[in-house]
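*Asks:* Here is my input, please return the structure:
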Amino acid sequence: MQPKRIRTRALAAAFPHTVPILAGFLFLGIAYGVYMRAAGFSAVYPIAMSMTIFAGSMEFVTVNLLLGGFDPVGAFGLALMVNARHLFYGISMLDRFKGTGAKKWYLIFGMCDESFSINCTADIPAGVDKGWFMFFVTLLNQIYWVGGAALGGLFGSFVLFSTEGLEFVMTALFVVIFLEQWFKDKRHYSALIGMGLSGICLLILGGDGFILPAMLAIWACLTLFRKPLEKAGEDV
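*Replies:* As a prediction, this is how the structure comes out:
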């Protein structure tokens, strides 16, 4: 099969999976662009930052970092804390990224929560190249985010209504993704482990400090019981 046709088939297969992300990223990107304009930055900032940082929550935090004093160490620590979950994303995608060639470097750079969710769980159709499928999922999601940020940055000064609460769009999106995977699987051991450990950490540590310990606990538990869980999945 010709390389162009391989890429076209992968793009056609990837696009439907990213449509829900399009809705969420477009609205959130616009909100981010408007927020940057309200903070006094030109449209160049949200466009450039969405292209180079591509970490939604960190981009919102960066607004305050740019307005504050010069503190690279503090900025590094904050970025690590906000995006520490990506360390676990990366570990879980090591096998899936094998054989993707040079595309792997962009897949690593562009792996946001939503791209990880799709690339980790999607059933890639037969005859579709895995590497190009994941590449286009990642690329399309970034295009949605950059496009929304550009629209918000360019036209943010004309927005007169409150955008408070718009970030809940992404929460709703993750609920839908979770429910889709829940109904897809007949056994829910991994999901129950994740919810249970997260709930315990939330009760003990509170909402501000439970995420990283919960992810460490989930990773340790799933690693420890990997073989029994895989065997249980094979018996389905």
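
*Asks:* now for the longest helix that the chain contains, which elements pack on it?
*Replies:* If you go by DSSP state H, the chain has its longest helix at helix 3-38. Counting contacts by 3 or more C-beta pairs under 8 Å, 6 or more residues apart in numbering; DSSP states H and E, helix 3-38 packs against helix 44-52, helix 56-67, helix 113-121, helix 130-155, helix 168-184. Where you see a C-beta, it was placed from the backbone N, CA and C, and this is true even at glycine.

*Asks:* Highest mean neighbour count out of these?
*Replies:* Among those, the stretch with the highest mean neighbour count (mean count of other C-beta atoms under 10 Å) is helix 130-155, at a mean of 22.

*Asks:* tell me the angle that helix makes with helix 113-121.
*Replies:* 160 degrees (axes from the mean of the first three to the mean of the last three C-alpha atoms, to 10 degrees).

*Asks:* what mean pLDDT would you report for helix 130-155?
*Replies:* For helix 130-155, mean pLDDT is 93.

*Asks:* From the contact counts, what lies against it?
*Replies:* So helix 130-155, by 3+ C-beta pairs under 8 Å, 6+ apart, packs with helix 3-38, helix 44-52, helix 103-109, helix 113-121.

*Asks:* and Ala122, what are its phi and psi?
*Replies:* phi -70, psi 140 (degrees, to the nearest 10).

*Asks:* In contact with the closest residue to it other than its chain neighbours, which residues are there?
*Replies:* Nearest residue to Ala122, sequence neighbours excluded (C-beta to C-beta, 6 or more residues apart in numbering): His17, at 5.5 Å. Contact partners of His17, counting by C-beta atoms under 8 Å, 6 or more residues apart in numbering, are 118, 122, 137.

*Asks:* picking that back up, buried ones in the longest helix of the chain?
*Replies:* 9-11, 13-14, 17-18, 20-22, 24-37 (16 or more other C-beta atoms under 10 Å).

*Asks:* re the thing from before, now do the same for the residue nearest to Ala122: its pLDDT.
*Replies:* For His17, the model assigns a pLDDT of 92.

*Asks:* Dump the contacts of His17 to JSON lines, plus distance to Val61.
*Replies:* Formatted as JSON lines, these follow (distance: C-beta to C-beta, whole Å):
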{"residue": "Ile118", "distance to Val61": "25"}
{"residue": "Ala122", "distance to Val61": "29"}
{"residue": "Val137", "distance to Val61": "25"}
